[in-house]
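In: my questions concern the predicted model and sequence given below.
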Amino acid sequence: MSLLSIFDWSFPLGAYRANLEMVLLWLLIFGVGFIIDKIIKKYVKRFIKRSNLGIENKKVTILRILSQILFLITFVIAFQVFRVGDLNEGKNISLSAFMEYNLIEVKQIKISIVDVFLIIITLVLARLAVNIIKLLLSRRFKNNPDFDEGTEYVYVQLTKYIIYIFAGIISLQMIGLNLDILIGGGAALLVGLGLGLQDVFRDFFSGLILLFEGTIKVGDIVEIQDNASSKPIIARVLNINVRTSKIQTREGTTLIIPNSKLTQENVDNWSLGSELTRFSIPVGVAYGSNTEQVRDLLKQAALSHPKVKKTHPVFVRLLNFGDNALEMDLVFWADQSWEIEKFKSDIRFEIDRLFREYNITIPFPQRTVHYASDRGVEPLSSNNVVHDPDEIIDPNEPFRKGDYR
């Protein structure tokens, strides 16, 4: 096959015919459109940056809108390629005639090119509407103290779901599907699927509850009980989708959890309500220590930290006379922060420094063992000496291996 015969080869495309020359022209037109899109984005970004318009976070939405408009213009221009050459000579080259050509015709369902493009345009317009509403909401919530990032996210997500649902319904009506039959069949299908996909539906409705109630929002810091570990998970909410949510732990790990975990289990939302919270640090000191001095040093260590609220009382409690130490509790108030454990660690370092400076001892576990002798029962103090309580040690017998454990 010669090179000229390749260019003469044609194929049907809707109501018209196309050849390799037209395909190359289409690629050229869309390539130019792509280059123009990149140039426009470059200058728009530069203009936003130089003008200090305060919409740096919204420029992505603006650029998406421009790209979608440019795509529609490029398609209209590319359609005119059918007029090139004499391949479609004598035919009425019009966009409407091209669009009315039926691609699929099965019983009562007829899908023409115009239906396909209308569905595409419907979805594009739906996305365009979502981007515009997202931009409007961002401008409205920007300087409003009653709304935060999480509230804005909820409004955007709900708007997105509503717009896409209507876009889907309109698209189905365009191709002639009977929605009554579809809804009836879908209801029967959902009953069957509901038995096997209970967890999926539970997570789905949990996602809707999170979006509507707003008790947990994007940006909130939550404390979730981990079933695999005794320690809770402290994490920041990154994203709330229909079925799952993304959270980021303090270690920087991103976790994907089902929404039902946030609605049906005990979750402590640090960002909900007042941020001011009372914290405590347990401390043990040796018997015989000056408790008044210990109390003053603990309060001094807490008040030296800049994050501790000086307007709220800082006090020390003597919790218990423990087996090995006087068990105390340092109580202070601070904002419930992402780095609260670091703040408590700083206070512990300061407590250790003050205790070493004033010779306050933090004891380790000790045990006293009594042994029998000719003079009676005498105590033997030793660290971590453990014996059978029924065993009487003969003082004349040397210690055996295993007496000290």
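Out: Right, received. Where do you want to start?
In: contacts and neighbour counts: CA atoms only from here.
Out: Will do.
In: could you pull out the strands for the stretch 201-350 of the chain?
Out: Ranges of strands in the stretch 201-350 of the chain, per DSSP state E, counting those that start in this stretch, are 221-224, 233-240, 244-249, 254-258, 267-269, 276-285, 315-321, 326-335.
In: pLDDT of stretch 280-296, averaged?
Out: For stretch 280-296, the per-residue pLDDT values average out at 93.
In: out of the strands of the stretch 201-350 of the chain, flag the one nearest residue 123.
Out: strand 233-240 (22.6 Å; Cα to Cα).
In: helices or strands up against that closest one?
Out: helix 198-213, strand 221-224, strand 244-249 (3 or more Cα pairs under 8 Å, 6 or more residues apart in numbering; DSSP states H and E).
In: hey, least reliable of those by pLDDT?
Out: helix 198-213 - the lowest mean pLDDT of the helices and strands packed on strand 233-240, at a mean of 76.
In: just the buried residues of the strand or helix carrying residue 353, please?
Out: Assigned by DSSP states H and E, residue 353 belongs to helix 340-357. Within helix 340-357, the residues scored as buried using 16 or more other Cα atoms under 10 Å are 343-344, 347-348, 350-351, 354-355.
In: might you report the residue contacts of the residue nearest to residue 208 when sequence neighbours are not counted?
Out: Closest residue in space to residue 208, ignoring its immediate chain neighbours: residue 242 at 6.7 Å, by Cα to Cα, 6 or more residues apart in numbering. By Cα atoms under 8 Å, 6 or more residues apart in numbering, the contact set of residue 242 is 203-205, 207-208.
In: if we can go back for a sec, nearest to residue 338, of the helices and strands packed on strand 233-240?
Out: strand 221-224 (7.2 Å).
In: what lies in contact with that closest one?
Out: 232-237, 266-271, 338.
In: ok, now with 7 Å
Out: For strand 221-224, contacts defined as Cα atoms under 7 Å, 6 or more residues apart in numbering pick out 232-237, 266-271.
In: partners of that strand, with directions?
Out: strand 233-240 (antiparallel), strand 267-269 (antiparallel) (DSSP bridges).
In: just name the most buried of these.
Out: Compared across the strands paired with strand 221-224, strand 233-240 shows the largest average neighbour count, a mean of 20 (mean count of other Cα atoms under 10 Å).
In: residue ranges with poor pLDDT in the stretch 251-400 of the chain?
Out: By pLDDT under 70, the weakly predicted segments of the stretch 251-400 of the chain are 273, 370-400.
In: switch to 50 and redo it
Out: 381-395, 397-400 (pLDDT under 50).
In: quickly list the domain ranges of this structure.
Out: 3-194, 209-269, 276-357, 366-405 (automatic domain parsing).
In: weed out the non-buried ones from the contacts of residue 242.
Out: Among these, those scoring as buried are 203-205, 207-208 (criterion: 16+ other Cα under 10 Å).
In: and of those residues, the nearest to residue 116?
Out: Closest approach to residue 116 among the buried ones among the contacts of residue 242 (Cα to Cα): residue 204, at 30.1 Å.
In: count the residues that sit near the closest residue to that closest one other than its chain neighbours.
Out: Leaving aside its chain neighbours, residue 204 sits nearest to residue 243 (4.6 Å; criterion: Cα to Cα, 6+ apart). Residue 243 has 19 neighbouring residues, counting by other Cα atoms under 10 Å.
In: mind checking how far residue 351 is from residue 322?
Out: According to Cα to Cα, to the nearest Å, residue 351 stands 20 Å off from residue 322.
In: again with residue 212
Out: 50 Å.
In: please enumerate the helices of the stretch 51-200 of the chain.
Out: Taking DSSP state H, counting those that start in this stretch as the criterion, the stretch 51-200 of the chain carries its helices at 59-79, 95-99, 113-142, 149-174, 179-196, 198-213.
In: assumed residue 364 was part of a strand.
Out: No - read with DSSP: H, G, I helix; E, B strand; the rest coil, residue 364 is coil and lies in no strand.
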